[in-house]
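In: Model the structure of this input:
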Amino acid sequence: MHKAKTFIFIFALFFSSALFAQRLELGLTGGGASYLGDLNQYQPLKISGLSAGGFVKLNFNPRFALGVHYNYGQIEANDSKSENEQFRDRNLSFQTSLKEISLMGELNLFDMHKQNARKFSPFLFVGIGNVFFQPTTVYDGVKYSLANYNTEGQEYSLNAVTILYGLGVKFRLTENLTLSNHIGYRTAFTDYIDDVSGNYSDTSAWGTTADGVLRRALADRSGEKTGVFLGVPGTQRGDYRKRDTYMFVGIGISYTFVSQKCFTF
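Out: Model prediction:
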């Protein structure tokens, strides 16, 4: 919660100062989202859900801008649909929404605003943000929030710092309107966006209550079809990488407010 308040404060401070800036840019984005982690280790471009977002940017000059961004996305993965036989045997699955707020610096490689200049420019961006998530799964037709069941004997936060990096191309339509497309990856400082990280837990201490039985079922779903469970305590459940990664890709449109006293582009 403290992280969320910090980013909200940054957003409010940035927006209030930008109101007096010479070049304020507002925009919307939309596209797809993907995930790379314990349930999808090898396909970084596999889109699993939609994304949308908005931003406010301050253009300091024709090349450099700093912005506050909000992005929302949906990601999921399902072992039963994997091409990998080991994954299919493991039979885990998850879905989650991603709610991200970030501070992002942007570098345009070309100046699109000089007279007779190019009307497009590649751009690079990097930033830091905070992402909120809540992995769920469907078991026997009921959706469960996996963080409530400590499936690896762990507890983890449902928000994490995330590092952003990516690239795109902009197209200047008019003095004020810009169209862009982009792809950006995020390395989150958590390995639990998918509720999977390390080893199978020793479930003997979970008891035989209804809650213990359900927790055991969500932790090891390998035997749902065959009755043969793979979850030996201490054996590998995840891929041992320390962080999950997710990606947003899409198009955007923005409007730039230009004052009469603006610097020459």
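In: quick check, residue 89 in a helix?
Out: Yes. With DSSP: H, G, I helix; E, B strand; the rest coil as the criterion, residue 89 is part of a helix.
In: need the helices for the stretch 151-265 of the chain, in chain order.
Out: Per DSSP state H, counting those that start in this stretch, the stretch 151-265 of the chain carries helices over the ranges 210-219.
In: where are the low-confidence patches of it?
Out: 259-265 (pLDDT under 70).
In: Give me the nearest residue to residue 232, chain neighbours excluded.
Out: Using CB to CB, 6 or more residues apart in numbering and skipping residues adjacent in sequence, the residue nearest residue 232 is residue 200, 6.2 Å away. C-beta coordinates here come from the backbone N, C-alpha and C atoms, glycine included.
In: tally of neighbours for the one you found?
Out: 21 (other CB atoms under 10 Å).
In: I figured it hits residue 238, correct?
Out: No. Proximity of residue 200 to residue 238 does not meet the contact threshold set by CB atoms under 8 Å, at 9.7 Å.
In: residues in contact with residue 235?
Out: Shown in contact with residue 235 (CB atoms under 8 Å, 6 or more residues apart in numbering): 199-200.
In: So what does it have for phi and psi?
Out: Main-chain torsions, residue 235, degrees, to the nearest 10: phi -90, psi 160.
In: go on, the one 3 residues further on?
Out: Backbone dihedrals for residue 238, given as degrees, to the nearest 10, come out at phi -110, psi -160.
In: nearest residue to it other than its sequence neighbours?
Out: Among residues not flanking residue 238 along the chain, residue 38 sits closest, at 4.0 Å (CB to CB, 6+ apart).
In: Next: residue 252.
Out: In space, residue 252 is closest to residue 29, 3.8 Å off (CB to CB, 6+ apart).
In: now residue 223
Out: The nearest residue in space to residue 223 (CB to CB, 6+ apart) is residue 229, at 3.8 Å.
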